[in-house]
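>>> need a 3D model of the following:
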Amino acid sequence: MAGRAFAFADPRIIHLAKNSFIPVTADDWYQRRRQDDEGTFFRSVAEQGPRKGVGGATRQGIYTLTADGTLLEFKNAGQNADATLDQLTRALKKWNSLPASRRQPGAVTVREHGKLDANYTRTPPKNGLIVKVFGRILDRKDQEFCRGTCEFAGGMKASRDFLWITATEADAMLPPKLEVGTEYPLPPAIARRLARFHLLDNTRGEPRFWKRADVRDLDLKLTVAAVTPEHLTLRLSGVASLENLREHRGYDARLGGTIRYDRIAKVFDRFDVACVGDHWGDDSFTDSGARPGKTPLGVAFTLADATVPGNRVSPQAARDLDIYMGQRDQ
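Residues are numbered from 1 along each chain as shown. Just a heads-up that it's a prediction; the model follows:
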C-alpha cells in the first residue's frame, strides 16, 4: 500500500497516467477469485505476464493493457517511482506502435458484463453509513502527542480504510429519550466492528484483525449533548483494550468524539471520532519496521460522502463479509 503511494504520488507519473492512460484500480484478492466476466478478463490479462496465479497465488502488480485485453507491460514495483515511470513509458511506446485501427475510438466494442459474482462483489449497506478511517503512528513530546517516526519507508504516513454501518445499526444509535444527558451504549454490533477491524496499526501493511477473544475491554457510550429542532448531537466516549497473547500484540485506547443526526433529513450528517492509545507488537505481515515496546497510535473516523465512487471501496476486513458484519462469529 505504501509502495503504491510512492509511485503514484510522483508528479511525472500523475501527469502520464492522467494524460495517456485510463487508470483503473482493483483488489487482486477479489479479481483473481471472482467467477464472472470481470474476473475472467483480469485473469486472461494476468496470464500473459509472469504472475499466472498458480495454485491461487497472488497476481498483484501494475498492469498496462489495451481495451481488448492485450498486456503491454507488467511490473510489481510501485514502491519505485522510476521503475513505474519506465514501465508506463515502455507501455505507451508499445501502444503507439500498434496499428491505427486498434487505437482509434470504437476499435473495441465493450459489451455489458453479465451477472457479477456475488461472492466477490462488495457494495455498501443500503441507506447505511460509510465512515472514513485513518490510522497514524504518534510520538510523545512535552507530554503531548506529535507525529510519529519509524524506520519503515512510508510508515509515518496515514493508513486509510472504511467502516460500514447498516441502516438498522445507524437507527439503533438514536437515544431512547431526547433529553440532554441521556447516556446509553453504542450499539454492540458497531462497537465490536469498530474495535476488531479498525483499531489496529495498518500503517505498514495489512495485519491480522483482532479476534473476538482478543477484545479484553470494550465500553463505548453515547450521551445526548444537544437537542434542537434541526439536529441531535451525541457525544461518544469510552475505552477499548485489545490483546492477542499468542502474537504478543495489543492496543489500549480511549475514544471520544461527536456524532450528529439531522432530524429534518433523518440522516446522520456527522461522525467525528478520535481514538488514541498505546499499541505494541506486530504479526508476521507487518513486523518490518515495527517500533519496539508500547508506542502511541491514533485512529480517526469521519463521515464519508457515499456519492463519491472512491468512498465506496469496501473495508479491508470485508473480504470475510459475514464476519465483518457480525453475521458469523470468529
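
>>> so which helix or strand of the protein has the lowest pLDDT on average?
helix 2-8 (a mean of 62; mean pLDDT, DSSP states H and E).

>>> next secondary structure after that helix?
helix 11-20 (DSSP states H and E).

>>> hmm, who's touching that next one?
7-8, 23, 81, 84-85, 88-89, 92 (C-beta atoms under 8 Å, 6 or more residues apart in numbering). (Each C-beta comes from the backbone N, C-alpha and C, glycine too.)

>>> now that helix: how far from the chain's centre is it?
How far helix 11-20 lies from its chain's middle: 24 Å, per C-alpha atoms, centre = their mean, to the nearest Å.

>>> and for stretch 222-237?
Taking mean C-alpha positions (C-alpha atoms, centre = their mean), stretch 222-237 and its chain are 28 Å apart.

>>> what's the first-to-last distance across it?
7 Å (C-alpha to C-alpha, to the nearest Å).

>>> output the longest helix belonging to the protein.
helix 81-96 (DSSP state H).

>>> tell me which other helices or strands that helix touches.
Contacts defined by 3 or more C-beta pairs under 8 Å, 6 or more residues apart in numbering; DSSP states H and E place helix 81-96 against helix 2-8, helix 11-20, strand 62-65, strand 71-75.

>>> out of those, flag the one nearest Phe268.
In terms of C-beta to C-beta, the element of these nearest to Phe268 is helix 2-8, at 30.2 Å.

>>> on that earlier part again, kindly indicate which of the contacts of helix 11-20 lies nearest Asp282.
Closest to Asp282, out of all of the contacts of helix 11-20 and judged by C-beta to C-beta, is Ala7, at 24.7 Å.

>>> low-confidence ranges, the stretch 51-200 of the chain, go.
78 (pLDDT under 70).

>>> got phi/psi on Arg43?
With angles defined as degrees, to the nearest 10, Arg43 sits at phi -70, psi -30.

>>> quick check: it vs Leu65, distance?
Here the criterion is C-beta to C-beta, to the nearest Å. By it, Arg43 lies 12 Å from Leu65.

>>> quick one: the helices in the protein?
Using DSSP H, helices in the chain cover 2-8, 11-20, 28-31, 37-46, 81-96, 100-103, 167-171, 188-198, 321-324.

>>> can you tell which of these is closest to Val267?
helix 167-171 (8.4 Å).

>>> what's near enough to touch Arg328?
Here Arg328 is in contact with Asp322 (C-beta under 8 Å, 6+ apart).

>>> do you know how far it is from Lys211?
13 Å.

>>> one step back: which one of the helices and strands packed on helix 81-96 lies nearest to Lys157?
For those, distance to Lys157 was read as C-beta to C-beta. The smallest value, 6.4 Å, belongs to helix 2-8.
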